[in-house]
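J.: just the structure for this:
(one chain, ligands or ions: 2)
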Amino acid sequence: MSLSTSKLKMSHLEPQEEAQQQAPKLVDKHGRHIDYVRLSVTDRCDFRCVYCMSEEMTFLPRKQVLSLEEIYQVAKTFTELGVNKLRLTGGEPLVRKNVMSLIEKIGSLPGLNELLLTTNGSQLEKLAAPLKAAGVTRINVSLDSLDAESFHRMTRTGKLDKVLRGIEAAVDVGFEGIRLNTVILRGRNEHEILDLLEYAIGLGINIAYIEEMPLGEVSDHDRLETTFSNDDVRNVISERYTLSAIEETTAGPSRYYEVDSHQTRVGFISPVSHNFCDTCNRVRLTVEGRLLLCLGNEHSMDLRKVLRENPGNDDILKEHIIKAMDLKPLRHYFYDKDEPQLVRFMNMTGG
Ligand code: SAM
Ligand code: SF4
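T.: Ligands and ions are numbered 1, 2, ... in the order given. Sure thing, here's the model as predicted:
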């Protein structure tokens, strides 16, 4: 297949807009423009959050995981196909050996408007400044509790004070739009909804509440019992604050609100209870190099095979990425008659 096939639409506008407008576009068969890619750079993590991993996790053998060079080749190829927003995630992206060298290279790719990172914050105290210097534009930090014991119970290994120092380091080096990611589980941390919001308000950063998704079988709890819907989170917040909806959307499962007159924005990420699929603009690369076209489906293409059978060949990689767009399903199916549909873990997927 050549690059001029139907999946790659070229723009024909005037010269001064050419640099931006001539970028090719990845479009799926439902007409959705894909300009955002989330890359999982490792399945490993220094935490074992109860909703994300089982206590005894088996991680992938090294040779099954994409090398840093392979991840860079995929990132570069996507930007050449018009993707202007990349998110590095995992597992914990900052525990991958030499990850800073990858981030520096990706940070210098032309055509990239946003380089985002999702982290558990354990390494941020020392890495916030180098990440900013490498071109990371925004950071999300996961934080489910402000109580050291409860934080340790939710993460099984995490140290709250270290993470809080990391978040504060990110604020100090001047990252804008820092967002806390908070998963609320019934019976565990729902009483901290307001404390976490007020911590975010105090630092002038944002917070998003994420509904637990049925990814991977977890040993710790029955998800049908612990699910705490974002409608309920919103009710708790509304008892103390006025939330005003913000019009702009991220084309994803999040909806944002202003809180009274504070700088902090509150997001609700509700992939299970809200269907956001008609505006979906994103795909994900798993740590094994599987290009996942939808978080809530198994439709995918094995890019590791393409990379390893055709080393260094960007054109063949491009052709496969373009072809993969045909696999993007119209919508997700997380639950079928209350039964979870997926067996993938979030750390494999790139949350
Ligand atoms: N380790 C990093 C972190 O925790 O931020 C990045 C990877 S983690 C998989 C990305 C996000 O996914 C985190 O905010 C985490 O809370 C969320 N997450 C993990 N498992 C989840 C699940 N089953 N349902 C909803 N969110 C989940
Ligand atoms: Fe690790 Fe992030 Fe998963 Fe927690 S949510 S176990 S920090 S990958």
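J.: just the buried residues of stretch 186-199, please?
T.: Using 16 or more other C-beta atoms under 10 Å as the test for burial, stretch 186-199 gives Arg188, Asn189, Glu192, Ile193, Leu196, Leu197, Glu198, Tyr199. Yep, even glycine has a C-beta here, placed from its N, CA and C like the rest.
J.: same check, this time on stretch 286-301
T.: Buried positions in stretch 286-301, judged by neighbour count with 16+ other C-beta under 10 Å: 286-297, 300-301.
J.: which of these sit farthest apart?
T.: Gly289 and Gly296 (20.2 Å; C-beta to C-beta).
J.: quick check, pLDDT for Ile34.
T.: Ile34 carries a pLDDT score of 94 in this model.
J.: residues contacting it?
T.: Taking C-beta atoms under 8 Å, 6 or more residues apart in numbering as the contact definition, Ile34 lies against Leu26, Val27, Asp28, Val83, Asn281, Arg282, Val283, Met325, Lys328.
J.: redo that, cut-off 10 Å
T.: 7, 25-28, 78, 81-83, 280-283, 293, 321, 324-325, 328 (C-beta atoms under 10 Å, 6 or more residues apart in numbering).
J.: of the residues you listed, grab the buried ones for ChimeraX.
T.: For the buried members of the contacts of Ile34, the matching ChimeraX selection, counting by 16+ other C-beta under 10 Å, is:
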select :7,25,26,27,28,78,81,82,83,280,281,282,283,293,321,324,325,328
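J.: if we can go back for a sec, among the buried residues of stretch 286-301, which one lies nearest to Ile237?
T.: Relative to Ile237, the closest of the buried residues of stretch 286-301 is Leu295; by C-beta to C-beta it sits at 25.5 Å.
J.: how near is that closest one to Arg282?
T.: 9 Å (C-beta to C-beta, to the nearest Å).
J.: on that earlier part again, between the buried residues of stretch 186-199, which is nearest ligand 1?
T.: Taking C-beta to the nearest ligand atom as the measure, Asn189 is the one of the buried residues of stretch 186-199 closest to ligand 1, at 11.7 Å.
J.: let's see which of the contacts of Ile34 end up in strands.
T.: Among those, DSSP state E puts Lys25, Leu26, Val27, Arg282, Val283 in strands.
J.: what sits against the spatially closest residue to Asp314 that is not a sequence neighbour?
T.: Spatial nearest neighbour of Asp314, excluding adjacent residues (C-beta to C-beta, 6 or more residues apart in numbering): Thr77 at 5.5 Å. Each residue near Thr77 by C-beta under 10 Å, 6+ apart is listed here: Val83, Leu303, Leu307, Asp314, Asp315, Ile316, Leu317, Lys318, His320, Ile321.
J.: from these, which land in helices?
T.: Leu303, Leu307, Asp314, Asp315, Ile316, Leu317, Lys318, His320, Ile321 (DSSP state H).
J.: if we can go back for a sec, and the buried residues of stretch 186-199, which two are the farthest apart?
T.: Arg188 and Glu198 (18.8 Å).
J.: how close does Lys318 sit to Arg32?
T.: Taking C-beta to C-beta, one finds Lys318 at 19 Å from Arg32.
J.: meant to ask about Pro130, not that
T.: 35 Å.
J.: comparing these two, which residue is more hemmed in?
T.: Arg32 (19 against 13; other C-beta atoms under 10 Å).
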